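Visitor: I would like to see how this sequence folds:
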Amino acid sequence: MKNLFEFAEACLHRPVIDKKIALTHQARHLLLNKELTLASDRPILPIADVKFPDKPELLAPRNMPARKLTTTAGVTAFFHAIAHVEFVAIYLAWDIVYRFRGMPKQFYQDWLRVADEEAQHFELISNRLQAMNINYGDLPAHSGLWDHAVDTADDLLARLAMVPRCMEARGLDVTPAIIEKFKMLGDDAGVALLSRILTDEVGHVELGSYWFKFLCKQKGFEPEAKYQQLILQYYKGGKPKGPFNREMRIIAGFSNAELDWLENT
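Guide: Residues are numbered from 1 along each chain as shown. You can find the predicted model right below:
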């Protein structure tokens, strides 16, 4: 394959995990070396055709068992949950590449970089899980993440608002406190892994902010008002609950006005 969208189609529609990871890294390498074309006349398959592996078993978030980080089982379950988030994030990055055509070349370069970094995160966490004698898929995972892609399959602005600028941005809010917990537990490897992920996620949210504002300008929307409208339209429950990490979110492209609106419940 020498076409970016063929790689995207393969990664979204072939459920074998190792092959998906390898194709993601290969595509990133080829694009960096200017060996991938962005021209394609292949039809875009509906999002309902995207295929996931048979495992893990997917449960509603409310049905996920609660475990504490003070137990070995709790730490294992936590990293399995993070592995699932990063695995679905690979799909989310590939899907934004695949589904939304006609954007500038930099758009596809940016989101392929995100897919590649999410694949790296998944590999790092998989290694951690294997050191704890389990594999990704051995525990259940929650089913809500991909729903946001399905809901926004026909609207790139909504996708950018809901995925990088809402769901992924939650990682900026909660991960620093989790890192502190692992520091208290003396888990230096866990701290290093989560710190690496957090650093990359700031960049991913920043890309979401950049392309959201780019599209708003192109379409004649005021970005802050459009963000509010899309969150209220697509976020189940009205809008996200805080607390919000203002410092990291501002670095990642949020405005003070957006954060004031989010915090004003």
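
Visitor: what's the first-to-last distance across stretch 50-61?
Guide: 21 Å (C-alpha to C-alpha, to the nearest Å).

Visitor: show me what counts as buried in that stretch.
Guide: Val50, Pro56, Leu58 (16 or more other C-beta atoms under 10 Å). Bear in mind the C-beta positions are built from the backbone N, C-alpha and C, glycine included.

Visitor: between those, which is nearest Ile179?
Guide: Set against Ile179, the nearest of the buried residues of stretch 50-61 by C-beta to C-beta is Pro56 (24.6 Å).

Visitor: these two touch, right, that closest one and Asp138?
Guide: Yes - Pro56 lies in contact with Asp138 (C-beta atoms under 8 Å); the separation is 7.4 Å.

Visitor: any residues in contact with both of the two?
Guide: Here Pro56 and Asp138 have His80 as joint contacts, going by C-beta atoms under 8 Å, 6 or more residues apart in numbering.

Visitor: now do the strands in the chain.
Guide: 58-59, 141-142 (DSSP state E).

Visitor: out of the ones you listed, which is closest to Arg159?
Guide: Across these, closest to Arg159 is strand 141-142 (C-beta to C-beta), at 20.0 Å.

Visitor: which strands and helices lie in contact with the closest one?
Guide: Where contact means 3 or more C-beta pairs under 8 Å, 6 or more residues apart in numbering; DSSP states H and E, strand 141-142 is packed against strand 58-59, helix 72-99.

Visitor: state the mean pLDDT of it.
Guide: The pLDDT scores in strand 141-142 average 90.

Visitor: given it, what are its sheet partners and their directions?
Guide: strand 58-59 (parallel) (DSSP bridges).

Visitor: quick one: contacts for the most centrally placed residue in the chain?
Guide: In the chain, the residue lying closest to the centroid (C-alpha atoms, centre = their mean) is Ala89, at 3.4 Å. If a contact means C-beta under 8 Å, 6+ apart, then Ala89 has Val114, Glu118, His121, Leu145, Glu168 as its contacts.

Visitor: quick one: contacts of the helix-or-strand element of the chain with minimal mean pLDDT?
Guide: Least confident helix or strand, the chain: strand 58-59 with a mean of 88, by mean pLDDT, DSSP states H and E. Contact with strand 58-59 is made by Pro140, Ala141, His142, Ser143, as judged by C-beta under 8 Å, 6+ apart.

Visitor: ok, back up a step: of all the helices and strands packed on strand 141-142, which lies closest to Leu185?
Guide: Using C-beta to C-beta, the helices and strands packed on strand 141-142 put helix 72-99 closest to Leu185, at 8.1 Å.

Visitor: would JSON lines of the strands of the chain with distance to Ala66 be doable?
Guide: As requested, the strands of the chain are arranged in JSON lines below (distance: least, C-beta to C-beta, whole Å):
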{"stretch": "strand 58-59", "distance to Ala66": "12"}
{"stretch": "strand 141-142", "distance to Ala66": "12"}
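
Visitor: tell me where the model's unsure across this protein.
Guide: For the chain, applying pLDDT under 70 flags the ranges 1, 265.

Visitor: and the angle for the lengthiest helix in it with helix 72-99?
Guide: Of all the elements of type helix in the chain, the one with the most residues (DSSP state H) is helix 188-219. Relative orientation of helix 188-219 and helix 72-99, computed by axes from the mean of the first three to the mean of the last three C-alpha atoms, to 10 degrees: 30 degrees.

Visitor: report the buried residues of helix 188-219.
Guide: For helix 188-219, by 16+ other C-beta under 10 Å, it's 190-191, 193-194, 197-198, 200-202, 204-216.

Visitor: alright, that wraps it up for me.
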